[in-house]
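S.K.: here are the coordinates; sequence isn't available:
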C-alpha cells in the first residue's frame with residue numbers, strides 16, 4: 001500500500017507507531033495522572049488510598065518496563081550505543097531509559113521502605129515527603145522524555 005502513496009499506520013494515534021506503542025504511551029500518561037491524584041490523596045490525609053494507588057502504578061509500570069520497554073531498548077537502541085548517541089533518536093531513548101530506571105528503582109524503594117517492614121529499620125526512610133515529591137518530579141520528567149522519544153521515533 002505504501003507504494004501506492006497510501007500510508008500504512010498500525011497505531012491509532014495518527015503516527016507510524018505500532019499499536020502497542022500507542023497503548024504504552026496512553027497507559028504511561030494515565031499512570032502519570034494517577035500519581036498526581038495519589039499526591040492529592042496524600043494532601044487530603046487519605047494515606048491508605050494514596051499508598052494503594054501509588055503502589056499499583058509503580059508495580060504496573062515495572063511490568064510495562066520489563067515486558068515492553070526494555071526489549072525495545074535492547075533491540076533498537078543498545079546495539080548503537082555509544083556510536084550513535086549523538087543522534088536525537090538514540091539520545092532521547094537513552095536518557096529516557098536511564099532516568100526511567102532511576103525513577104522506577106527509587107519508586108520501588110519508597111514502596112518497600114514506606115509501605116512494608118521488609119527492609120531493615122536502618123534502610124527505611126524518615127523524610128517521606130521529600131522522597132515522594134522528588135520521585136514524582138523525576139517521574140514526570142521521564143514521562144516527558146518518553147513522549148519526546150515517541151514523537152521522535154514515530155512522527
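M.R.: Received the coordinates, thanks. Worth saying up front: this structure is predicted, and the values here are computed from it rather than measured.
S.K.: which stretches of this protein have low pLDDT?
M.R.: 1-9 (pLDDT under 70).
S.K.: Show me the helices in this protein, by range?
M.R.: 19-43, 47-64, 70-76, 88-115, 128-154 (DSSP state H).
S.K.: mind putting these in JSON lines, mean neighbour count and distance to residue 12 included?
M.R.: (C-beta placed from N, C-alpha, C; glycine too.) Output for the helices of the chain, formatted as JSON lines (neighbours: other Cβ atoms under 10 Å; distance: least, Cβ to Cβ, whole Å):
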{"stretch": "helix 19-43", "mean neighbour count": "16", "distance to residue 12": "5"}
{"stretch": "helix 47-64", "mean neighbour count": "16", "distance to residue 12": "18"}
{"stretch": "helix 70-76", "mean neighbour count": "14", "distance to residue 12": "19"}
{"stretch": "helix 88-115", "mean neighbour count": "18", "distance to residue 12": "22"}
{"stretch": "helix 128-154", "mean neighbour count": "17", "distance to residue 12": "12"}
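S.K.: any chance of those in TSV, with distance to residue 10 too?
M.R.: Shown next, in TSV, are the helices of the chain (distance: least, Cβ to Cβ, whole Å):
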stretch	distance to residue 10
helix 19-43	5
helix 47-64	19
helix 70-76	15
helix 88-115	19
helix 128-154	10
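S.K.: who wins for proximity to residue 82 among those?
M.R.: helix 88-115 (9.1 Å; Cβ to Cβ).
S.K.: what's the angle between the closest one and helix 19-43?
M.R.: Using axes from the mean of the first three to the mean of the last three Cα atoms, to 10 degrees, one finds that helix 88-115 and helix 19-43 are set 40 degrees apart in direction.
S.K.: now helix 88-115, how far from the chain's geometric center?
M.R.: Mean-position distance between helix 88-115 and its chain equals 7 Å (Cα atoms, centre = their mean, to the nearest Å).
S.K.: That one packs against which elements?
M.R.: Applying 3 or more Cβ pairs under 8 Å, 6 or more residues apart in numbering; DSSP states H and E, one finds that helix 88-115 contacts helix 47-64, helix 70-76, helix 128-154.
S.K.: Would you confirm that residue 113 contacts residue 120?
M.R.: No: counting by Cβ atoms under 8 Å, residue 113 does not reach residue 120; the two are 10.1 Å apart.
S.K.: ok so, going back, relative to residue 11, which of the helices of the chain is closest?
M.R.: Proximity to residue 11 (Cβ to Cβ) singles out helix 19-43 among these, at 4.0 Å.
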